[in-house]
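Undergrad: The amino acid sequence is not available; the structure is as follows:
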């Protein structure tokens, strides 16, 4: 999937990938896509949940090797 | 989201593991856009006491209490397997190796994210603690009415 911004969270456990995503998303313009790369399994459940609460759009998950990539489209500021 | 959702956590316990659980939920709540308050009472106050400085409290009994119960984010013990410090030391090492922030780092992070860190007034009174006993990140001391007013507006309230 194509993304405008990428955030490396490899080696970080909950809650750091979510905390960093919340921080990073502030830099994006509405409509832009953020890719978060992580290796903590929790992200697969946590990112859709975070999107549901914050109102951003969850676009999906890609996995290759031990790496998990999740994609989020920023809805509004 | 129409109105900002709220999360209130009563932090009653002062152990490293329980503090960690409280801060993980609090910082995640703040990341999810929730208006988050941590209300520290009883042993929980140890988490936000200053690490430095002398023994606090007026009178012999309070001095004794604060000597036995020194507090400070760097002095917290595990609730199980403290083993005279060995277990706690090992847990801290494992946390560091796993890139999990220390309680010290969690306090700074929570504050930056807008989490309110409120010491309970009654336990402060009983234990002889004042605003000055707490680190600069702590918000103003408040009572049960403050907590209940936050809690009644919160979708999520936890007691740790």
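TA: Nice, I can see it. Just so it is clear, the structure is predicted and the values come from calculations on it, not from any experiment.

Undergrad: for chain B, which helix is longest?
TA: Across chain B, the longest stretch assigned as helix under DSSP state H is helix B:16-31.

Undergrad: what does it rub up against?
TA: A:14-15, A:18-19, A:21-22, A:50, B:7, B:9, B:11, B:13, B:36, B:38, B:44, B:47, B:73, B:76-80, B:88, B:91-92, B:95, B:100, B:103, B:106-107, B:109-110, B:113-115, B:156, B:158, B:160 (CB atoms under 8 Å, 6 or more residues apart in numbering or on different chains). Glycine gets a C-beta too; all of them are placed from N, C-alpha and C.

Undergrad: Inside helices: which ones of those residues?
TA: Short answer: the contacts of helix B:16-31 in helices (DSSP H) are A:18-19, A:21-22, A:50, B:47, B:88, B:91-92, B:95, B:103, B:106-107, B:109-110.

Undergrad: which one of those sits closest to residue B:130?
TA: Checking these against residue B:130 by CB to CB gives residue B:47 as the nearest, at 16.7 Å.

Undergrad: From chain A, how far off is the residue lying closest to that closest one once chain neighbours are set aside?
TA: If you skip the residues right next to it in sequence, residue B:47 has residue B:19 as its closest partner in space, 4.9 Å away by CB to CB, 6 or more residues apart in numbering or on different chains. Separation of residue B:19 from chain A (CB to the nearest CB, to the nearest Å): 14 Å.

Undergrad: just the buried members of the contacts of helix B:16-31?
TA: Among the contacts of helix B:16-31, the ones that count as buried by 16 or more other CB atoms under 10 Å in any protein chain shown are A:14-15, A:18-19, A:21-22, A:50, B:7, B:9, B:11, B:13, B:36, B:38, B:44, B:47, B:73, B:76-78, B:88, B:91-92, B:95, B:100, B:103, B:106-107, B:109-110, B:113, B:115, B:158, B:160.

Undergrad: who does the lowest-mean-pLDDT helix or strand in chain B touch, helix- and strand-wise?
TA: Lowest mean confidence among the helices and strands of chain B (mean pLDDT, DSSP states H and E): helix B:60-68, at a mean of 88. Judged by 3 or more CB pairs under 8 Å, 6 or more residues apart in numbering or on different chains; DSSP states H and E, the packing partners of helix B:60-68 are helix B:121-127.
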